[in-house]
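Trainee: Sequence below, structure please.
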Amino acid sequence: MGSLFFSSFGIRRIHTPDLLSTLHLRTMPTLIRSRFSLATIVAAFVLLASTAKAQPYSGTIFIDPDIIDDSDPSTLVSVTYTGQGMETVYDYRFGWVTINAYLFDVVWDDGLTTVAMVNPEFANVIAAEVEVQTYAYALGKLPTCLRTDVNALWIHAGVYSFGGGNNAIVIHTGRGQEYIDDGILEEAFVHECTHTSLDATHANAPDWLAAQAADPDFISTYAQDFPATEDLAESYLPWLAVTHRSARISQQDYDLITQTIPNRMAYFDAMACDLYPITSAAGVGEATVAPIAVTVFPSPTSDWINVNASRPLPANARFELFAADGRLLRTWDLRAEARLDLAGIATGIHLWRCFADGAVLASGMVAIE
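Mentor: Numbering: from 1, shown residues only. Model prediction:
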């Protein structure tokens, strides 16, 4: 794990209470070796926060939740469980840790693959797979060039930072749920994947440094505070918004971005970067098909359950019922609606999922009495 690990440390709209959380991994050991007191560190960061020049944004993942949204296609093909194994991963609660991770192979349709390593703190394989499906699907909406070096997803519980680097993305599902609720999960991933796939080549490139020097300002206070490590990741999403999603942002945001970082924008314009699926016809157009909603009732139940979908399902859709420990109990082929016989299924809390085309359409729990 010798390569430098970059991180966004979970930028929030209000930064001051989280100043210490913005310390980079490479900075913290230096502070410890220098034996600075905690009071000195806090005072330094408070001074930094109080004197920093105001930038257009605090963090660019908050510009607009629709830069990449629910209407955009995902390249996700499949998520396949391969067993458990001991893996060394980064966890913002504890640092580097070795865990007996649930392992999943993730495949995207542009030929890229990754391994999801899920902390065994999640209850079982099914609970772990739900998390992998959620985040792999969102990542699949990002350009190919941003996923090229994402070789691993490290998924943990807790409201802690996301991070990118070491050919991996760190995901804490509590913070992930906040991003989902705010509609900015994909935007946050753009930031982290820029770290993982673009920083090594571009963050210190002479032309990038020249663009930084030539521009009127930084796009965000976060970029200004950490110009060597965060400016590229903070600037890429605004470029993507202006260049490929201009209809989804306000004129004010468009003008702020183009006037503040014109030379950085020109740098990205000239950078070779495969933007699929962003540049695909489906990616640029607005999808007209609504997401499929699946409901399962009644619960509790004893002999049967109803499964209803909001529209016809793919021909290969199936409904799977699992025991609480993750054992697959029964599988049914599924259409838009069905009444499923539960004869022979033991009582208790059971997990279910509706699955088609390599993706989980819906999942939940049902009580059988």
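
Trainee: I'd say Arg335 and Asn316 touch.
Mentor: No - if you go by Cβ atoms under 8 Å, Arg335 and Asn316 don't touch, sitting 11.2 Å apart. Where C-beta positions appear, they are placed from N, C-alpha and C, glycine not excepted.

Trainee: Assign the most centrally placed residue in the chain to helix, strand or coil.
Mentor: Nearest to the geometric centre of the chain sits Phe189, at 4.3 Å (Cα atoms, centre = their mean). Judged by DSSP: H, G, I helix; E, B strand; the rest coil, the three-state class of Phe189 is helix.

Trainee: any idea how far it lies from Ile257?
Mentor: 19 Å (Cβ to Cβ, to the nearest Å).

Trainee: ok, now Trp208?
Mentor: 17 Å.

Trainee: more neighbours, those two?
Mentor: Between Trp208 and Ile257, counting by other Cβ atoms under 10 Å, Ile257 is the more crowded of the two (26 against 21).

Trainee: Let me see the ranges of the strands in the stretch 251-369 of the chain.
Mentor: Along the stretch 251-369 of the chain, counting by DSSP state E, counting those that start in this stretch, strands occupy 294-297, 304-309, 318-322, 328-333, 337-341, 348-356, 359-368.

Trainee: Could you point out which of those strands sits nearest Ile261?
Mentor: Closest to Ile261 of the strands of the stretch 251-369 of the chain, according to Cβ to Cβ: strand 359-368, at 36.0 Å.

Trainee: Buried residues in the closest one, which are they?
Mentor: Residues of strand 359-368 classed as buried by neighbour count (16 or more other Cβ atoms under 10 Å): 359-363, 366, 368.

Trainee: got the residues you listed as TSV, with pLDDT columns?
Mentor: Formatted as TSV, the buried residues of strand 359-368 follow (pLDDT from 0 to 100):
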residue	pLDDT
Ala359	67
Val360	71
Leu361	73
Ala362	77
Ser363	80
Val366	87
Ile368	90
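
Trainee: related to what we said a few turns ago, got a markdown table for the strands of the stretch 251-369 of the chain, with distance to Thr229 too?
Mentor: Formatted as a markdown table, the strands of the stretch 251-369 of the chain follow (distance: least, Cβ to Cβ, whole Å):
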| stretch | distance to Thr229 |
| --- | --- |
| strand 294-297 | 42 |
| strand 304-309 | 45 |
| strand 318-322 | 43 |
| strand 328-333 | 44 |
| strand 337-341 | 52 |
| strand 348-356 | 39 |
| strand 359-368 | 34 |
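
Trainee: For Thr148, find the nearest of the ones you listed.
Mentor: strand 359-368 (21.9 Å).

Trainee: With just CA atoms, put that closest one into PDB.
Mentor: Taking Å, rounded to 0.1, in the frame of the first residue of the first chain, the C-alpha atoms of strand 359-368 are listed here in PDB:
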ATOM      1  CA  ALA A 359     -28.900  -5.600 -11.700                       C
ATOM      2  CA  VAL A 360     -31.100  -5.600  -8.600                       C
ATOM      3  CA  LEU A 361     -34.300  -3.800  -9.400                       C
ATOM      4  CA  ALA A 362     -35.600  -3.800  -5.800                       C
ATOM      5  CA  SER A 363     -35.000  -5.600  -2.500                       C
ATOM      6  CA  GLY A 364     -36.500  -5.800   0.900                       C
ATOM      7  CA  MET A 365     -37.700  -8.000   3.700                       C
ATOM      8  CA  VAL A 366     -40.800 -10.000   4.400                       C
ATOM      9  CA  ALA A 367     -42.000 -11.700   7.600                       C
ATOM     10  CA  ILE A 368     -43.400 -15.200   7.300                       C
END
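
Trainee: need the contact list for Ile68.
Mentor: 141-142, 186-187, 190, 245, 278 (Cβ atoms under 8 Å, 6 or more residues apart in numbering).

Trainee: Please apply the same query to Phe189.
Mentor: 138-139, 142, 146, 162, 169.

Trainee: Between these, which sits nearest Val118?
Mentor: Ile169 (12.7 Å).

Trainee: what's the pLDDT at the closest one?
Mentor: Looking at Ile169, its pLDDT is 98.

Trainee: isn't there a strand covering it?
Mentor: Yes - secondary structure assignment places Ile169 in a strand (three-state DSSP).

Trainee: now it: how far from Asn124?
Mentor: In terms of Cβ to Cβ, Ile169 sits 23 Å off from Asn124.

Trainee: Who has more neighbours out of these two?
Mentor: Using other Cβ under 10 Å as the criterion, Ile169 and Asn124 rank with Ile169 on top: 26 against 16.

Trainee: contacting residues around that one?
Mentor: Applying Cβ under 8 Å, 6+ apart to Ile169 gives the contacts 139, 150, 152-154, 162-163, 189, 192-193, 196.

Trainee: So which of the contacts of Phe189 belong to helices?
Mentor: 138-139, 146 (DSSP state H).

Trainee: Would you map out the domains in the protein?
Mentor: Domain ranges of the chain: 76-186, 199-284, 294-368, per automatic domain parsing.

Trainee: rewinding a little: mind checking which of the ones in helices among the contacts of Phe189 are buried?
Mentor: 138-139, 146.

Trainee: out of the residues you listed, which one sits closest to Pro300?
Mentor: Among those, Ala138 lies closest to Pro300 (Cβ to Cβ), at 32.8 Å.
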